[in-house]
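Trainee: Quick one: sequence plus predicted model below, questions after.
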Amino acid sequence: RRKKVLYPPGPLPKPLIGNALDMPTQRPWEKYREWCQTYNSDIIYLHLPTHPVVVLGSIEAATDLLEKRSQIYSSRPHVEMVKLMTWDFHFGSMPYGPRWRAHRQMFHKHFHPTDAHEYHGLQLQAVRKFLLMAMRSPQHTRKYIRQMVTSIIVSVFYGKQIKSMDDEYVVTAEIATEGLSIAAIPGGHLVEIFSFLKYIPSWAPGGSARRIAEKYIPYVKDLRDTSFNEVKKAYDEGMPPPCIVANLMEEIRARYGGTSDEAVQEDMAKSIAGSSYTAGADTTTCAAESFVLAMALFPQVQRRAQAELDRVVGSGRLPTWTDFDNLPYIRATVMETMRWMPVSPFGVPHALDADDNYKGYHIPKGAWVVPNVWGMMHNPADYPDPEVFNPDRFLGADGKVNPYVRDPGTAVFGFGRRICPGRHFGTFTLTLFIANILHVFDISAGIDEHGQPVVLDTEMVGAMLASPREVPCGLAPRSDVVAKLVKEVKYEYNM
Ligand code: HEM
């Protein structure tokens with residue numbers, strides 16, 4: 001007799017369509033938490049016509065599966081539209097296996113935390129430039145945050161200086177990224193169910209998948225190729241700007257020059273650099289935006305952080321990374337930012353490579369595994385009053401960061417072999433930004449570019465990446481002395 005398979009609990013599936021209609025489209029992370037409560041389980045199962053989905057509702061479940069069993073939980077769902085759009089070069093979307101591993105190793109080698117100090121100067125310059133622009137036109141704070149983060153990523157990878165968000169590279173990258181988010185809408189395209197639709201030409205009825213893809217393909221290609229080829233050319237002429245792509249070229253020429261592997265390695269280098277914009281710029285931007293929102297909503301936190309900065313840095317200079325060790329409240333504020341509004345509220349789905357069994361439940365091969373990071377970060381057992389932005393929760397009685405309180409970094413950057421390889425870099429950018437903006441400005445809701453008062457709430461918009469609906473823009477210099485410091489900064493990198 002066949003044993004009955006027991007799946008994890010979850011809403012009752014309907015014939016044929018399973019749980020397709022149960023899938024939440026608004027704030028899915030709240031629904032995921034509700035299901036965990038309703039079924040009293042930290043693992044929830046949903047039947048979809050294309051694939052099962054498993055939602056993990058606790059850090060323990062995520063650690064047990066995505067970390068301890070990472071040999072089978074480290075793949076990515078196959079999304080046909082991502083492939084059709086040629087976005088499958090992005091190693092964040094590659095299935096687990098040798099191709100992904102080779103990309104990840106190359107990325108890691110050139111982006112290792114111990115090498116990251118090479119780029120601290122660029123990060124600092126971009127943050128300082130932000131201060132100056134925000135002082136001149138605070139109503140554009142949101143745009144300037146994005147510009148600051150983007151210019152860091154682009155200068156670190158390609159040695160390129162971007163002057164505004166109208167820069168050609170940025171426009172291309174934004175359109176290509178828009179394509180990726182459209183491609184990745186779960187259940188958004190029939191081609192995911194009827195894969196033969198990918199063969200229907202864009203001009204024919206039923207060819208909408210190709211039509212959408214073809215609109216974005218030139219931008220995706222441009223994002224991956226153009227800047228890379230510019231650095232390669234400069235490298236061959238002996239004048240490359242200092243950047244990751246130049247370092248990659250150096251290594252490839254030294255190790256593989258003239259061999260049959262050279263082209264393969266170059267192609268890989270192109271892909272990892274091309275992955276950096278979507279993976280690094282949007283994420284860090286969202287985190288910086290939610291920090292600014294938190295400051296306007298919790299002014300008492302602002303005052304505490306500023307008191308620490310006044311004591312440690314003083315009004316004679318601007319903060320830099322050498323101050324970090326002496327700024328525990330600022331570091332706790334960075335942690336609280338990541339927890340309060342996690343940038344990827346339900347992580348980036350992993351895919352399961354083999355049938356598995358957990359707590360007596362069967363989890364079939366091919367399931368998409370979704371960690372409800374927001375639910376974990378808003379669990380009152382770990383973080384009492386989770387809706388309150390309170391950096392003190394991370395500090396001990398001695399005022400130092402308390403190692404016994406769970407560091408949000410253990411969840412918000414993902415899990416296991418897929419954990420974010422840019423997490424140290426992203427945290428560093430964020431810490432520099434937070435220390436500098438609080439040293440110079442008092443932050444309040446402000447008046448927008450149309451002269452209207454900004455109305456704030458804690459609504460998060462987006463899905464895989466979420467950011468605040470409104471970002472405050474009331475940035476007022478705290479004193480003439482700090483305002484003068486900002487104006488006097490010398491921009492050695494000519495950004
Ligand atoms: C606040 C900033 C950031 C956050 C919150 C963040 C978050 C994440 C998350 C949740 C994942 C998925 C992990 C998983 O699948 O379990 C990820 C993957 C990734 N991140 Fe980040 N990230 C940030 C900054 C960066 C930066 C600055 C870079 C580099 C430029 C970067 C590069 C990547 C890459 C390449 C992947 C794909 C890794 C893979 O699939 O193997 N991230 N990130």
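Mentor: In hand now; what should we look at? Numbers count the residues shown, from 1 in each chain.

Trainee: tell me how far the ends of stretch 346-354 are from each other?
Mentor: For stretch 346-354, the first-to-last residue distance is 22 Å (CA to CA, to the nearest Å).

Trainee: Return the residues of the chain in contact with the ligand.
Mentor: Residues of the chain lying close to the ligand (CB under 6 Å from any ligand atom) are 91-92, 104, 153, 275-276, 279-280, 283-284, 287, 343-344, 347-348, 350, 412-415, 418-422, 425-426. Yep, even glycine has a C-beta here, placed from its N, CA and C like the rest.

Trainee: which other helices and strands contact the longest helix seen in the chain?
Mentor: Longest helix in the chain, counting residues (DSSP state H): helix 208-236. Judged by 3 or more CB pairs under 8 Å, 6 or more residues apart in numbering; DSSP states H and E, helix 208-236 is in contact with helix 80-84, helix 141-158, helix 168-183, helix 244-256, helix 261-276.

Trainee: Need the winner for burial among those helices.
Mentor: The highest mean neighbour count among the helices and strands packed on helix 208-236, using mean count of other CB atoms under 10 Å, belongs to helix 141-158: a mean of 24.

Trainee: next one: that helix to chain centre, how far?
Mentor: Centre-to-centre, helix 141-158 and its host chain are 14 Å apart (CA atoms, centre = their mean, to the nearest Å).

Trainee: then that helix to PDB, C-alphas only?
Mentor: Extracted C-alpha coordinates of helix 141-158, given in PDB (Å, rounded to 0.1, in the frame of the first residue of the first chain):
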ATOM      1  CA  THR A 141      16.400  64.000  -1.500                       C
ATOM      2  CA  ARG A 142      14.900  60.700  -2.800                       C
ATOM      3  CA  LYS A 143      16.500  61.200  -6.200                       C
ATOM      4  CA  TYR A 144      19.800  62.100  -4.700                       C
ATOM      5  CA  ILE A 145      19.900  59.000  -2.500                       C
ATOM      6  CA  ARG A 146      19.500  56.900  -5.600                       C
ATOM      7  CA  GLN A 147      22.100  58.900  -7.400                       C
ATOM      8  CA  MET A 148      24.500  58.500  -4.500                       C
ATOM      9  CA  VAL A 149      24.200  54.700  -4.400                       C
ATOM     10  CA  THR A 150      24.200  54.300  -8.200                       C
ATOM     11  CA  SER A 151      27.300  56.400  -8.600                       C
ATOM     12  CA  ILE A 152      29.100  54.200  -6.000                       C
ATOM     13  CA  ILE A 153      28.300  51.000  -7.800                       C
ATOM     14  CA  VAL A 154      29.100  52.300 -11.200                       C
ATOM     15  CA  SER A 155      32.400  53.900 -10.100                       C
ATOM     16  CA  VAL A 156      33.500  50.800  -8.200                       C
ATOM     17  CA  PHE A 157      32.700  48.400 -11.000                       C
ATOM     18  CA  TYR A 158      33.400  50.400 -14.200                       C
END
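
Trainee: Run the angle between that helix and helix 244-256 for me.
Mentor: For helix 141-158 against helix 244-256, the angle by axes from the mean of the first three to the mean of the last three CA atoms, to 10 degrees is 20 degrees.

Trainee: picking up where we left off before, make CSV out of the helices and strands packed on helix 208-236 and add mean pLDDT and distance to residue 216.
Mentor: Formatted as CSV, the helices and strands packed on helix 208-236 follow (pLDDT from 0 to 100; distance: least, CB to CB, whole Å):
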stretch, mean pLDDT, distance to residue 216
helix 80-84, 87, 9
helix 141-158, 94, 19
helix 168-183, 85, 3
helix 244-256, 95, 23
helix 261-276, 95, 14
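
Trainee: any chance of the ones you listed in a markdown table, plus distance to residue 406?
Mentor: Output for the helices and strands packed on helix 208-236, formatted as a markdown table (distance: least, CB to CB, whole Å):
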| stretch | distance to residue 406 |
| --- | --- |
| helix 80-84 | 33 |
| helix 141-158 | 26 |
| helix 168-183 | 30 |
| helix 244-256 | 32 |
| helix 261-276 | 29 |
